[in-house]
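*Asks:* build me a model from this:
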Amino acid sequence: MDQLPKVAHPNTYHIRIAGRVKDGWSDFMGNLEQSFDQENGVTITTITGTVTDQAALHGMLEYIRDLNLTLLSVTCDCLGSQESDRKL
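*Replies:* Got it, this is the predicted structure:
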């Protein structure tokens, strides 16, 4: 398995969730943008923004889990240009 870089500073993440998430639900997490797309007839919510560190990212993911939302993917722009499409 490839070694992933340690992420100890702010990075931009794209978090995809199945369904349409209400506007404003992520306000407590800071300045995040929400967008909505359709894939195969299913609405996908994409949350994009800068996350300060891994602890904050895990907090966001726990909150998504606690809301019983279906997490589809988490992608970080922090990886090198060759690996920018790798999903975490």
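*Asks:* what's next to stretch 19-30, contact-wise?
*Replies:* Contacts made with stretch 19-30 from outside it, assessed by C-beta atoms under 8 Å, 6 or more residues apart in numbering, are listed as 32, 34, 36, 42-45, 47, 49-50, 56, 60, 63, 67, 69-70. Every C-beta, even on glycine, is put in place using the N, C-alpha and C of the backbone.
*Asks:* what about that stretch, average pLDDT?
*Replies:* Stretch 19-30 comes out with an average pLDDT of 76.
*Asks:* start the count at 433 instead of 1 going forward.
*Replies:* Fine by me, first position is 433 from now on; the one you just mentioned is stretch 451-462.
*Asks:* mind checking how far Lys466 is from His441?
*Replies:* Small correction: residue 466 is Gln, not Lys. Distance from Gln466 to His441, counting by C-beta to C-beta, to the nearest Å: 24 Å.
*Asks:* buried stuff in the longest strand along the chain?
*Replies:* Ranked by residue count, the top strand of the chain under DSSP state E comes out as strand 474-483. Of the residues in strand 474-483, those scored as buried under the neighbour-count criterion (16 or more other C-beta atoms under 10 Å) are 476-479, 481, 483.
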